[in-house]
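**Q** generate coordinates for the sequence data below:
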Amino acid sequence: MELDVELRTVTKAFDEVVAVDGIDLGVRKGEFLCLLGPSGCGKTTTLRLIAGFERPDDGELLIGGRDVGRLPPYKRDVNTVFQSYALFPHLSVRENVAYGLKQKKMRRRDREARARELLELVRLPEVGDRKPRQLSGGQQQRVALARALANGPRVLLLDEPLGALDLKLRKEMQVFLKRLQQELGVTFVHVTHDQEEALALADRVAVMNRGRIEQLGSPLDVYDKPATRFVADFIGETNFVRRNGSVLALRPERLELHKDGNGAGDGLAGEIVTTMVIGPAIQSLVRADDGQEVLVRQQRGDGGTASFQEGERVVVTWAEGAALVFTEEQEER
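**A** You can find the predicted model right below:
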């Protein structure tokens, strides 16, 4: 399978802090890859290494099969979109989009035609003569995307590009980004700490922790089959229940509630601490008799979750195969 980006045992340290710790990563041609993880996990440093803003201390970094580890950013076939947009306030939108083409000495007529083409692509054909300050945040981000795509890069790097947008606009931009990437077929490498965003956008997700990749796989794999305790804890919400010398990782939506003594079988007995309506779902916090607390989430109308009251005795159950089992030794590590 052809790779647009390849990192081979790449390491990067800042003084005594190892930001990227010998990672191996291959980004497939035409895929949407998300680097996901908490602050300080190394995801942004990895993106900056690919972009050329940082140089690896060790290992090889290839783009299009060529070792670019020592090349400056302008000699790599990549472009970067930042959270801050970084548009030139004194230039028009069309001039912003065409800026990189002007630096490459493209003829004015050709670069203006290319800028119009790209503004059509990002659904903003009517704003070419405006200044960036006259646009909304979502429009500015689309202009930044158009500018980054102007030179036809092999790889587009996105550094938390939606982080400054409000929730509704961020959701809209997620749909736009996904459709744009599918339409263009350009390789996207996207950095985010937002799990929902990564799962919604990516063909594959690389979950990072302490400078290493804990798991690389499809959104369904990292959610349903987390490879490590960290991934199970970081992706979505997970209950960790101790039973019979093991730790069970259980998603709230995979659990069911039953009235105590209602023939629920071998479940976790306890009482309701509180219930909350979360849009189309109802979330209940249960304190088990052994002191463990478990979060249960069920769709409204799925069989009586709304009828449970604070202090009521219940049994929490789950289907066979719903739990991921960690041994006590794995849990301690």
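**Q** going forward, measure contacts and count neighbours with C-alpha atoms only.
**A** Fine.
**Q** so G267 is in contact with T317, correct?
**A** Yes - using Cα atoms under 8 Å, G267 is in contact with T317, at 4.7 Å.
**Q** for stretch 81-101, measure first residue to last.
**A** Distance across stretch 81-101, first residue to last, is 16 Å (Cα to Cα, to the nearest Å).
**Q** next, the buried residues of that stretch.
**A** Residues of stretch 81-101 classed as buried: 81-82, 84-85, 87, 92-101 (neighbour count, 16 or more other Cα atoms under 10 Å).
**Q** which two in those residues are spaced the farthest apart?
**A** Spanning the widest gap among the buried residues of stretch 81-101 are S84 and L101, at 21.3 Å by Cα to Cα.
**Q** just to revisit the earlier point, which of the buried residues of stretch 81-101 lies closest to V186?
**A** Nearest to V186 out of those is V81 (Cα to Cα; 13.9 Å).
**Q** and the closest one, what does it touch?
**A** Taking Cα atoms under 8 Å, 6 or more residues apart in numbering as the criterion, V81 is in contact with 144-145, 148, 156-159, 161.
**Q** buried among those? Need that as a selection in PyMOL.
**A** Applying 16+ other Cα under 10 Å to the contacts of V81 leaves a buried subset, and the PyMOL line that selects it is:
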select buried, resi 144+145+148+156+157+158+159+161
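**Q** show me the contacts of V81 that map onto strands.
**A** Judged by DSSP state E, the contacts of V81 include 156-159 as members of strands.
**Q** specify which member of these is nearest to E60.
**A** L157 (18.6 Å).
**Q** of the buried residues of stretch 81-101, which belong to strands?
**A** Mapping the buried residues of stretch 81-101 onto strands (DSSP E) picks out 81-82.
**Q** where is pLDDT lowest across the buried residues of stretch 81-101?
**A** Sorting the buried residues of stretch 81-101 by pLDDT puts Y85 at the bottom of the list (78).
**Q** and the longest helix seen in the chain, how far from the chain's centre?
**A** As assigned by DSSP state H, the longest helix anywhere in the chain is helix 167-184. Relative to its chain's centre, helix 167-184 lies at 13 Å (Cα atoms, centre = their mean, to the nearest Å).
**Q** who are the packing partners of it?
**A** Here helix 167-184 touches helix 195-201, going by 3 or more Cα pairs under 8 Å, 6 or more residues apart in numbering; DSSP states H and E.
**Q** what score does the most centrally placed residue in the chain have for pLDDT?
**A** Geometric centre of the chain, nearest residue: A198, 2.5 Å, by Cα atoms, centre = their mean. For A198, the pLDDT comes out at 94.
**Q** and the nearest residue to V205 once chain neighbours are set aside, what element?
**A** Spatial nearest neighbour of V205, excluding adjacent residues (Cα to Cα, 6 or more residues apart in numbering): C34 at 4.9 Å. Assigned by DSSP states H and E, C34 falls within strand 32-36.
**Q** which strands border that strand, and is each parallel or antiparallel?
**A** strand 187-192 (parallel), strand 204-209 (parallel) (DSSP bridges).
**Q** can I get those in CSV with mean pLDDT?
**A** CSV is the format used below for the strands paired with strand 32-36 (pLDDT from 0 to 100):
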stretch, mean pLDDT
strand 187-192, 96
strand 204-209, 97
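**Q** out of the ones you listed, which is closest to L216?
**A** strand 204-209 (4.4 Å).
**Q** contacts for the closest one, please.
**A** For strand 204-209, using Cα under 8 Å, 6+ apart, the contacting residues are 31-38, 41-43, 198-199, 213-219, 222, 231.
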